[in-house]
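Visitor: task: produce atomic coordinates for the following.
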Amino acid sequence: MKKLVNILIAFTLVVIVWQLVIWIGDYEEALLPSPLRVGEGIVSMTLDGTLFEHMVVSLYRFFTGYGLAVVVAIVLGLILGRSPRLWGVADPIVQVLRPVAPVAWTPFIVLWFGIGSMPAIVIIFIAAFFPVLLSTVSAVKKVDATYLKLAENLEVRQPALMYKVILPAAFPGIANGLHLAVGTAWIFLVAGEMVGAQSGLGYLIIDARNALDLDLVLAGIVFIGVLGLAIDKLIGLFETWVGKQWGFNR
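Guide: Below is the predicted model of the structure:
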């Protein structure tokens with residue numbers, strides 16, 4: 001309840017500052033739509049089903065790309081974290097590729113995967129992959145040696161050692177990567193949908209911009225932000241649930 005109150009207070013402050021900027025700067029509605037007008041835009045797109053239609057497409061792309069990235073990154077991270085020699089070879093490659101913005105690969109992605117949902121899914125995969133991979137490798141390296149010694153004494157062998165001991169012990173560190181990946185993947189989802197897509201929240205913004213409907217542009221931006229917050233909280237709930245299964249949270 002307290003968190004909900006804090007969120008409402010934060011949004012109220014943003015709306016107040018937004019309206020003050022319009023009044024103090026004496027901006028016209030055509031240049032900076034008011035919160036009321038943007039709210040009307042959100043309501044209109046909700047009532048005619050436009051917002052829901054684009055939201056469903058975007059969420060499908062996001063969770064497909066993000067889910068695949070998490071699975072692949074955690075599996076690779078567990079292997080590389082347990083093998084210093086392999087990580088010594090992979091680390092320079094990762095550090096070279098990681099700073100490259102996923103949208104920089106767009107020309108190749110479009111050529112390889114065509115247009116539609118696949119380019120956005122691939123861009124989301126790339127955006128989410130590296131934060132989860134690096135956090136997993138780091139978390140595996142920091143697993144308490146006592147756990148490994150105890151597993152050795154109990155004659156726990158691979159693959160049971162990996163998913164019964166190492167993964168649960170490393171999960172709190174992996175969870176940090178999951179949160180980072182949500183933010184970066186959601187940002188690049190919108191960017192990916194602005195290139196070649198004909199649906200989704202990113203396309204909704206571009207379409208409204210081309211029609212000079214800035215109130216709908218801001219409505220799309222606001223909704224993207226709110227939805228991103230909701231997804232981050234959802235990941236947090238998932239993290240808490242997993243933690244309870246493994247005895248981290250009671």
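Visitor: same for the helix or strand that contains Phe171, what does it pack against?
Guide: Element membership of Phe171, judged by DSSP states H and E, is helix 167-193. Helix 167-193 sits against helix 50-81, helix 117-141, helix 201-210, helix 214-245, with contacts defined as 3 or more CB pairs under 8 Å, 6 or more residues apart in numbering; DSSP states H and E. Every residue, glycine included, has its C-beta placed from N, CA and C.
Visitor: and the helix or strand following the first one, how far from the chain's centre?
Guide: So that's helix 50-81. Downstream of helix 50-81, the first helix or strand assigned by DSSP H and E is helix 84-97. Remark: helix 84-97 is offset 24 Å from the chain centroid, using CA atoms, centre = their mean, to the nearest Å.
Visitor: could you do stretch 109-122 as well?
Guide: With CA atoms, centre = their mean, you get 18 Å for stretch 109-122.
Visitor: what residue is smack in the middle of this protein?
Guide: Val182 (1.9 Å; CA atoms, centre = their mean).
Visitor: that one touches Gly67, doesn't it?
Guide: No. Val182 is beyond contact range of Gly67, at 11.6 Å (criterion: CB atoms under 8 Å).
Visitor: can you list phi and psi of Leu32 for me?
Guide: The phi/psi pair for Leu32 (degrees, to the nearest 10) reads phi -140, psi 100.
Visitor: run a quick neighbour tally on the closest residue to it other than its chain neighbours.
Guide: In space, and not counting its chain neighbours, Leu32 is closest to Ile22: 5.6 Å by CB to CB, 6 or more residues apart in numbering. Ile22: 17 surrounding residues under other CB atoms under 10 Å.
Visitor: what pLDDT does Val70 get?
Guide: With respect to pLDDT, Val70 has a value of 93.
Visitor: let me fix that, I meant to ask about Ala127.
Guide: pLDDT, Ala127: 92.
Visitor: and for the closest residue to it other than its chain neighbours, the neighbour number?
Guide: Excluding its sequence neighbours, the residue lying closest to Ala127 (CB to CB, 6+ apart) is Phe188, at 4.1 Å. Residues contacting Phe188 under the criterion other CB under 10 Å number 23.
Visitor: so what's Phe188 up against?
Guide: 101-103, 123-124, 126-127 (CB atoms under 8 Å, 6 or more residues apart in numbering).
Visitor: the same query, at a cut-off of 7 Å, please.
Guide: 102-103, 123-124, 127 (CB atoms under 7 Å, 6 or more residues apart in numbering).
Visitor: same question for Gly67.
Guide: Neighbours of Gly67 in contact, by CB under 7 Å, 6+ apart: none.
Visitor: ok, now how distant is Gly39 from Val15?
Guide: With distances taken as CB to CB, to the nearest Å, Gly39 is found 9 Å from Val15.
Visitor: follow-up on the earlier one: taking the contacts of Phe188 together, which two end up most distant?
Guide: Val103 and Ile124 (11.1 Å; CB to CB).
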